[in-house]
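K.L.:
mind looking at a prediction? Sequence and model below.
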Amino acid sequence: MPTIVWLLVLFVLVMLAAVVLRRMSALVARTRDLERYQKAVASLDLRSAAFVDPLVRELDEARRNSANPGALRDAVNAAQASMAELAAEARGLATPAPLVSTTVSLVAELDRAARAADMAEHGLNALATGTRGRDLEAQTSLKRGALNLRHAREAIARLARDVAALRPVDIAAGGAPTTTTVAGLAPYQVPGADDGDGGFEPRM
């Protein structure tokens, strides 16, 4: 009888140890996935800031002082391409399942920054023509482009701060930790050289 009792106790202890080990393994995997995601989002935030922040200042300066728009065109084109590339990278992020909505929001804001750069480019083109009657159009496009770039940057920074503050317990969910991507989201297409200088339709 005592032998049977000890065997039962041993069985219970083994089962408890297996449960603890399984939970520890899930916690380690969740921690690793979250840290990888946090580093990726922080990198996207820093790189978007490197392009957007100086561009916003230059656009505001151009609008106030009617600076030579040609000098800004390269910066705007670089921002368009960079934001599209960052959005594509964000779509491919290995995202912990509970944070998919965060990645979707991040992609949306990066796309929004690319569209805002489109609007700024339209304003620069209008300013460069020197045609009477297009001054207001140019000023409006430059102002709205800079404003939307600023708002997109603020949203990206806010998302990055929220992600950085997360702990593994914050994304705990039933079952094994899983990751996914949002690659199915339609990418924003940066206008190419063959798109011409037709009428601009903001898509904010």
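P.N.:
Great, that's in hand.
K.L.:
Val182: which element?
P.N.:
Val182 belongs to no helix or strand when assigned by DSSP states H and E.
K.L.:
per-residue pLDDT, Arg30?
P.N.:
Arg30 is assigned a predicted lDDT (pLDDT) of 62.
K.L.:
in stretch 95-105, what's buried?
P.N.:
Neighbour counts over stretch 95-105 (16 or more other Cβ atoms under 10 Å) mark 95-96, 98-99, 102-103, 105 as buried. Just so you know, the C-beta spots here come from the backbone N, C-alpha and C atoms, and that holds for glycine as well.
K.L.:
closest one to Pro54 out of the residues you listed, please.
P.N.:
Ser105 (24.2 Å; Cβ to Cβ).
K.L.:
what sits closest to the closest one if chain neighbours are left out?
P.N.:
In space, Ser105 comes closest to Leu159 once its chain neighbours are excluded; the distance is 6.0 Å by Cβ to Cβ, 6 or more residues apart in numbering.
K.L.:
that neighbour contacts Val107, doesn't it?
P.N.:
No: using Cβ atoms under 8 Å, Leu159 makes no contact with Val107, being 10.4 Å away.
K.L.:
show me which of those two is the more surrounded one.
P.N.:
With neighbours defined as other Cβ atoms under 10 Å, Leu159 and Val107 compare such that Val107 has more, 23 against 19.
K.L.:
pull the contacting residues for the closest residue to Ala42 other than its chain neighbours.
P.N.:
Sequence neighbours aside, Ala160 is the residue nearest to Ala42 in space, at 5.8 Å (criterion: Cβ to Cβ, 6+ apart). Neighbour list for Ala160: 41-42, 44-45 [criterion: Cβ atoms under 8 Å, 6 or more residues apart in numbering].
K.L.:
tell me how far Ala160 lies from Ala75.
P.N.:
Ala160 is 23 Å from Ala75, where distance means Cβ to Cβ, to the nearest Å.
K.L.:
just the buried residues of stretch 95-105 now: which is nearest Gln80?
P.N.:
Ser105 (20.5 Å).
K.L.:
in a strand, the closest one, correct?
P.N.:
No: under DSSP: H, G, I helix; E, B strand; the rest coil, Ser105 falls outside any strand and is assigned helix.
K.L.:
SS state for Leu166?
P.N.:
coil.
K.L.:
I figured it hits Glu35, correct?
P.N.:
No: assessed by Cβ under 8 Å, Leu166 is found out of contact with Glu35, at 9.9 Å.
K.L.:
pick out whichever of the two has more residues nearby.
P.N.:
Leu166 (18 against 12).
K.L.:
all helices for this protein, in order.
P.N.:
2-65, 70-91, 100-129, 135-164 (DSSP state H).
K.L.:
give me the residues contacting stretch 42-62.
P.N.:
Contacts for stretch 42-62 (Cβ under 8 Å, 6+ apart): 67, 69, 72, 75-76, 78-79, 82-83, 86, 89-90, 106, 110, 113, 117, 120, 124, 127, 142, 145-146, 149-150, 152-153, 156-157, 159-160, 163-164.
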